[in-house]
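Visitor: The following comprises the amino acid sequence and a computationally predicted model.
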Amino acid sequence: MTAPAVGTSSTPGDRHADRLGLLRRPLDLGALALTGAAAWRRTVAQTHRAMIAPLPLTCRIAVVPTEPACGATTVGMQLTGALARARRAPVLLLSASPGRDTAADRLSFSRRWPLEAPVPTAVPTAELGPVLRDAAGCGPDGLTSCLRLEPEGGGRASAWRRARRELGHFFDVCLTEFGPLTQAELTEIAPLHHAVVLVTPARRRAVERSRERLHRLASALTDDPGDAVGGVVGAEPVPAGSAGTLRGRPPVVLHAVVATAPGHPLIPRLCPDETLIPYDPALRHPGPTPLRRRTATAVAVLAARAVDAAAQTVQASARGEA
């Protein structure tokens, strides 16, 4: 008796499985294209590369709310965390807001400025940076420091200038959380930073008012207000003698529109350089909490634009545009 040959025939189920195997890859690629997953991954990769671009100077960022309780503190803390994680370099968060529930209130490791304990004068120059960063209150990640600015003789503005002058250059990023500012105050502090993030609640009238402020700021910082499109200040040199950023370049002004409640906000169509930070319950939780994909992407885009503004300053100085 002869044994039947093995593998000489196949059942209809096997043939059906083979056809599915041949179609699986095209179907997977089609699903990626239809859902936008491939484009999203490409955007995330480009944003991450912009965030980790090397900088030979401290990137200075100002976060300014247009009104109280609009999410500016949350935006500032998220930017600080995103930059510290991506760049793996020390970040200083200056809390200059006079209100309650500021970044210094939320971060248990924050210290007061001026520092209560003087820094030892006998510290070698090579070790001065780590000592000062530790004195400024270093968080569990070993990278984030937070200082609460106490008013001095000249007010909080004087304390901010002194902290930035004495400590800022020991950090890769120096982000300042301000309280609501008048137009004159905003015009004064803007040129001292590479990027200014104006935070607005996701309401139609609030967004329109903020755009008016951004255009007035653009006309104050540049000769041609038309260079500002969608709330971003153009890159023309400021007039001679003004207190501009390094090498006299004006700052980039970013507009963050924050949804503070669930649902679809009723706001005007945003310009390409305006960023909507969608409502995310994780933002209300204390401590590190994973964000939704859209929220994390929006924060990363703001952080990347701020780093790019500092990089543009370096490139302009190298070309001798100042």
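Guide: That came in fine, so what should we check first? Given the structure is predicted, the values throughout are model-derived calculations rather than measurements.
Visitor: tell me which element Ala117 is part of?
Guide: Under the assignment given by DSSP states H and E, Ala117 is not contained in any helix or strand.
Visitor: Run a quick neighbour tally on it.
Guide: 7 (other C-beta atoms under 10 Å). Yep, even glycine has a C-beta here, placed from its N, CA and C like the rest.
Visitor: can you tell me the average pLDDT over the longest helix seen in the chain?
Guide: Longest helix in the chain, counting residues (DSSP state H): helix 293-319. When pLDDT is averaged over helix 293-319, the result is 90.
Visitor: repeat for stretch 58-74
Guide: Averaging pLDDT along stretch 58-74 gives 95.
Visitor: With just CA atoms, put it into PDB.
Guide: Below are the C-alpha coordinates for stretch 58-74, written out as PDB (Å, rounded to 0.1, in the frame of the first residue of the first chain):
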ATOM      1  CA  THR A  58      20.200  80.100  25.500                       C
ATOM      2  CA  CYS A  59      16.800  80.000  23.800                       C
ATOM      3  CA  ARG A  60      14.700  82.700  25.500                       C
ATOM      4  CA  ILE A  61      10.900  82.200  25.400                       C
ATOM      5  CA  ALA A  62       8.100  84.300  26.900                       C
ATOM      6  CA  VAL A  63       4.600  82.900  27.500                       C
ATOM      7  CA  VAL A  64       2.100  85.700  27.900                       C
ATOM      8  CA  PRO A  65      -1.600  85.200  28.700                       C
ATOM      9  CA  THR A  66      -4.200  87.600  27.200                       C
ATOM     10  CA  GLU A  67      -6.400  87.200  30.200                       C
ATOM     11  CA  PRO A  68      -6.400  85.300  33.500                       C
ATOM     12  CA  ALA A  69      -7.000  81.500  33.600                       C
ATOM     13  CA  CYS A  70      -6.600  81.000  29.800                       C
ATOM     14  CA  GLY A  71      -4.100  78.200  30.100                       C
ATOM     15  CA  ALA A  72      -0.800  80.100  29.900                       C
ATOM     16  CA  THR A  73       0.700  78.400  32.900                       C
ATOM     17  CA  THR A  74      -0.200  75.000  31.500                       C
END
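Visitor: circling back: tell me which residues of the longest helix of the chain are tucked away?
Guide: 295-314, 316-317 (16 or more other C-beta atoms under 10 Å).
Visitor: just stretch 144-163 next, same as before
Guide: Those would be 144-149, 156-157, 159-160, 163, for stretch 144-163 by 16+ other C-beta under 10 Å.
Visitor: Noted, bye for now.
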